[in-house]
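In: Need a 3D model of the following:
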Amino acid sequence: MPTKKTTETKKRTQDTLQIKIKELEDTLQQLRQELKEKNDKYLRALADYQNYEKRMEKELSCREEQLKKKYLTELLDFQELLKQAYADTSPKEGLKLLIQNFDKFFEKEGITYIECKGKPFDHTLHHALSVIEKDECTDGEIVEEVKKGYMLGEKLLRPSQVIVVKKKDETP
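Out: You can find the predicted model right below:
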């Protein structure tokens with residue numbers, strides 16, 4: 001038969017276990033609440049990010065459209081000038097006007113010509129199409145420009161296509 005002491009010990013152990021169970025249930029409930037809050041925050045952040053992506057996509061599309069409109073408007077002006085030059089009895093004057101307008105347009109857009117003839121070859125600005133050997137010359141000097149190169153501000157838009165000179169080898 002169980003003694004009074006054994007019964008009391010069992011009772012205390014049961015009470016302690018019930019307290020522990022209650023604490024664990026409270027902790028579990030608290031963790032569930034925290035998880036729900038964090039999940040809500042995550043879903044809000046995800047929705048904000050998706051809205052941001054859509055807004056940026058729309059903004060980019062709008063910018064592209066504005067840029068396209070700007071350049072197409074410029075091209076319309078050039079087309080009209082070409083038609084006028086074609087209709088002119090002295091096309092040379094019309095072509096001169098057209099070239100002047102292109103030059104103004106390039107200047108406005110920050111496009112500059114790369115001076116290269118007589119200068120040393122620079123692989124960052126020039127594309128060598130061929131090398132010519134000569135007796136009296138400076139090695140690596142550009143002697144002919146086949147196609148003009150251009151800069152857009154400080155960035156290369158198109159490299160100059162050039163012919164470079166190389167000193168003739170004196171050894172027989």
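
In: name the element residue 145 belongs to?
Out: In the assignment (DSSP states H and E), residue 145 maps to strand 141-147.

In: Could you measure from residue 60 over to residue 94?
Out: Separation of residue 60 from residue 94 (CB to CB, to the nearest Å): 39 Å. From N, CA and C alone the C-beta is placed, and that goes for glycine too.

In: I should have written residue 144 there, sorry.
Out: Distance of residue 144 to residue 94, computed by CB to CB: 30 Å.

In: Would you mind listing the buried residues in the helix or strand bottoming out on mean pLDDT in the chain?
Out: Across the helices and strands of the chain, mean pLDDT, DSSP states H and E gives its lowest value to helix 91-109, namely a mean of 86. Using 16 or more other CB atoms under 10 Å as the test for burial, helix 91-109 gives 94, 98.

In: now the residue nearest to the spatial centre of the chain: how far from residue 69?
Out: The centroid of the chain falls nearest to residue 60 when counting by CA atoms, centre = their mean (12.1 Å). Residue 60 sits 15 Å away from residue 69, going by CB to CB.

In: ditto for residue 88
Out: 29 Å.

In: all helices for this structure, in order.
Out: Here the chain has its helices, by DSSP state H, at 4-87, 91-109.

In: ranking those by burial, who's on top?
Out: Most buried of the helices of the chain, by mean neighbour count (mean count of other CB atoms under 10 Å): helix 91-109, with a mean of 13.

In: So which elements touch it?
Out: Identification of packing neighbours for helix 91-109 by 3 or more CB pairs under 8 Å, 6 or more residues apart in numbering; DSSP states H and E yields helix 4-87.

In: The closest residue to residue 169 other than its chain neighbours pairs with what?
Out: Excluding its sequence neighbours, the residue lying closest to residue 169 (CB to CB, 6 or more residues apart in numbering) is residue 133, at 7.3 Å. Using DSSP bridges, the bridge partners assigned to residue 133 are residue 166.

In: what does residue 155 give?
Out: Beta bridges link residue 155 to residue 152 when assigned by DSSP bridges.

In: How much space separates it from residue 68?
Out: Separation of residue 155 from residue 68 (CB to CB) stands at 21 Å.

In: do residue 21 as well
Out: To residue 68, residue 21 is 69 Å away according to CB to CB.

In: just to revisit the earlier point, just the CA trace of the least confident helix or strand of the chain, in CSV.
Out: The C-alpha coordinates for helix 91-109 follow below in CSV (Å, rounded to 0.1, in the frame of the first residue of the first chain):
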residue,chain,number,x,y,z
PRO,A,91,21.3,69.2,-103.8
LYS,A,92,24.7,70.2,-102.5
GLU,A,93,23.2,73.1,-100.5
GLY,A,94,20.5,70.8,-99.1
LEU,A,95,23.1,68.2,-98.1
LYS,A,96,25.2,70.9,-96.5
LEU,A,97,22.2,71.9,-94.4
LEU,A,98,21.5,68.3,-93.5
ILE,A,99,25.1,67.7,-92.4
GLN,A,100,24.9,70.9,-90.3
ASN,A,101,21.8,69.7,-88.6
PHE,A,102,23.3,66.3,-87.9
ASP,A,103,26.4,68.0,-86.4
LYS,A,104,24.1,70.2,-84.2
PHE,A,105,22.2,67.1,-83.1
PHE,A,106,25.4,65.2,-82.2
GLU,A,107,26.7,68.2,-80.3
LYS,A,108,23.5,68.5,-78.4
GLU,A,109,23.6,64.8,-77.5
